[in-house]
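Undergrad: Sequence first, then the predicted structure, then my questions.
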Amino acid sequence: GMLAKVAQRLGEDHRLELIYRGASFDGAVPSNGTAVINDSSNFLLEREQQTHNASLEYRYSPQSKVFDTQVLAYVNRVEMDEARVSDGRDDRTELDTLGLNINNTSRFESGLGEIAVLYGVDAYRESFSAQRSGDNRPLPPEAESDVWSLYTQARVPLADNWRLDLGLRYDDFSTEARNL
């Protein structure tokens, strides 16, 4: 595996951070980890898997109670190749995710302490595809899912050692599958 992180302060109130994580797996796994391996329903698989995750984050944190802003863009990719040890039938699966999160925290003073309000938007798209070899094996559908959300959360002090956390979220989800 690999992890790399680079952060740069772009001025007193601005920060940029790039992170990459990569991992690979190569080995044998059962098709069902809870059952005994056999030749009819639970096959031993040779699996090669590559996972890549990258994110770019921008933060704006001035000496202000109104702005504490984060913009995060990310991409994730998983590639998995599997082959049955008994007959060599191959599967290839790919999953890609592309996302964006934008949020801000504003702070306000009250008689009991600081009220913090976080609000933002989150959106991502996932794409799935798979290929199979061998006879009499249905192909999983190629699919795309789109998700976006609006959210807010408030942290309100009530008394010493007591606070109220409130949250509200709206999600919209759509998916499209081809070759069903």
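TA: Sure thing, it's come through.
Undergrad: which residue ranges form the strands in this structure?
TA: Using DSSP state E, the strands of the chain run over 2-9, 14-30, 44-60, 69-84, 90-110, 113-132, 142-159, 162-178.
Undergrad: Let me have these in TSV, extended by distance to Asn38.
TA: Placement of C-beta: from N, CA and C, glycine included. Shown next, in TSV, are those (distance: least, Cβ to Cβ, whole Å):
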stretch	distance to Asn38
strand 2-9	37
strand 14-30	10
strand 44-60	9
strand 69-84	12
strand 90-110	19
strand 113-132	21
strand 142-159	31
strand 162-178	32
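Undergrad: out of those, nearest to Val36?
TA: Checking the strands of the chain against Val36 by Cβ to Cβ gives strand 14-30 as the closest, at 8.6 Å.
Undergrad: what does the closest one contact?
TA: The contact list for strand 14-30 (Cβ atoms under 8 Å, 6 or more residues apart in numbering) reads 1-10, 37, 42-61, 85.
Undergrad: try stretch 72-84
TA: Stretch 72-84 is contacted from outside by 43-58, 89-102, using Cβ under 8 Å, 6+ apart.
Undergrad: Repeat the analysis, applying 7 Å as the threshold.
TA: 43, 45-57, 89-101 (Cβ atoms under 7 Å, 6 or more residues apart in numbering).
Undergrad: and it, which residues are buried?
TA: Leu72, Tyr74, Asn76, Arg77, Val78, Met80, Asp81, Glu82, Ala83, Arg84 (16 or more other Cβ atoms under 10 Å).
Undergrad: swap in stretch 116-128?
TA: Ala116, Leu118, Gly120, Asp122, Tyr124, Glu126, Phe128.
Undergrad: So for that stretch, mean pLDDT?
TA: Averaged over stretch 116-128, pLDDT sits at 97.
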